[in-house]
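# Give me a model of this one.
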Amino acid sequence: MKIVKARLKGKEPTLAAPGERPQGEVVDLMERLRRSLEAAGGGSWKPARARKTTTRARKRRAA
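Below you'll find the predicted structure:
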């Protein structure tokens, strides 16, 4: 916005020299998820049982 205002006034805008970008921390998301689950008491995970098919569903598949 400063550039636009400077040009409207007829001045040459001055731009700041680009500095170094701050380096971000690389995070291992899966490790953080595992730690979070263990802390919440969900460390031992068991898969859900499959549902039994009903007689109606078996008849539909056979048809």
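# Distance check, residue 51 against residue 57.
Distance, residue 51 to residue 57, by C-beta to C-beta, to the nearest Å: 10 Å. All C-beta spots, glycine's among them, are computed from the backbone N, C-alpha and C.
# thinking in terms of the whole chain, how far from its middle is the lengthiest helix in the chain?
Counting by DSSP state H, the longest helix found in the chain is helix 29-39. Once both centres are worked out by C-alpha atoms, centre = their mean, to the nearest Å, helix 29-39 turns out to sit 15 Å from its chain's centre.
# Can you list the buried residues in that helix?
In terms of neighbour count (16 or more other C-beta atoms under 10 Å), helix 29-39 has no buried residues at all.
# With just CA atoms, put it into PDB.
The C-alpha trace of helix 29-39 is given here as PDB (Å, rounded to 0.1, in the frame of the first residue of the first chain):
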ATOM      1  CA  LEU A  29       3.700 -35.300  12.500                       C
ATOM      2  CA  MET A  30       3.400 -39.100  12.900                       C
ATOM      3  CA  GLU A  31       5.700 -39.000  15.900                       C
ATOM      4  CA  ARG A  32       3.800 -36.200  17.500                       C
ATOM      5  CA  LEU A  33       0.500 -38.100  16.900                       C
ATOM      6  CA  ARG A  34       1.900 -41.300  18.500                       C
ATOM      7  CA  ARG A  35       3.100 -39.300  21.600                       C
ATOM      8  CA  SER A  36      -0.300 -37.600  21.800                       C
ATOM      9  CA  LEU A  37      -2.200 -40.900  21.600                       C
ATOM     10  CA  GLU A  38       0.100 -42.500  24.200                       C
ATOM     11  CA  ALA A  39      -0.300 -39.600  26.600                       C
END
